[in-house]
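Asks: Structure for the following, please:
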Amino acid sequence: MEEQPEVNDISHKIKRMRGKLSQTEFARRVGINRSLICSYESGKRLPSLPSLKRLASYGGVPIGYLSGEEDISLCKYTPEEDDIIYKLRELPPESKYLMYSLLEKLTEHYSYKKSKENRHHNR
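Replies: Below is the predicted model of the structure:
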């Protein structure tokens, strides 16, 4: 007989994935009814396979992570990173360009600073 995932594990992982978003906003972004999100988080229901797929896709995690079969280290994005990506997608093209440029400059600055520190430590 196949072992069922622990409801508390799934509910905790969904709450963690939701982060600081309201259940309503999280449900909208994931594409699942808010009342279902509430039921999943309270442990009253286990997500159906279609809901697990949507949650996993939103969170950038394998379905196996939600069901307890895979480790979180396999996740593509943290909830915070996913929120940044979501916000970026909502921007008009000219604002996206500005954000890309800013990110590029920050990355270059960090890389330069890190290489300078490495050269200093290697002396």
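
Asks: what bits of the protein have low per-residue confidence?
Replies: Applying pLDDT under 70 to the chain flags residues 1-8, 71-79, 121, 123.

Asks: residue ranges of the helices in it, please?
Replies: Ranges of helices in the chain, per DSSP state H, are 7-18, 23-30, 34-42, 49-59, 63-66, 79-90, 93-121.

Asks: Just put those in TSV and tack on mean neighbour count.
Replies: From N, CA and C alone the C-beta is placed, and that goes for glycine too. Converted to TSV, the helices of the chain look like this (neighbours: other CB atoms under 10 Å):
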stretch	mean neighbour count
helix 7-18	17
helix 23-30	17
helix 34-42	17
helix 49-59	17
helix 63-66	18
helix 79-90	13
helix 93-121	10
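
Asks: what sits against the closest residue in space to Ile63 that isn't next to it in sequence?
Replies: Excluding the flanking residues, the one nearest Ile63 by CB to CB, 6 or more residues apart in numbering is Ala56, at 4.6 Å. Residues near Ala56 by CB atoms under 8 Å, 6 or more residues apart in numbering: Pro62, Ile63, Tyr65, Leu66.

Asks: For Ala56, give its distance to Lys105.
Replies: 34 Å (CB to CB, to the nearest Å).

Asks: Domain ranges for this structure, per the record?
Replies: Per automatic domain parsing, the domain ranges recorded for the chain read 1-76, 91-123.

Asks: roughly how far is the first one from the heart of the chain?
Replies: Spelled out, that is domain 1-76. Distance, stretch centre to chain centre, for domain 1-76: 11 Å (CA atoms, centre = their mean, to the nearest Å).

Asks: One more: the last one?
Replies: For domain 91-123, the gap between its own C-alpha mean and the chain's C-alpha mean amounts to 23 Å (CA atoms, centre = their mean).
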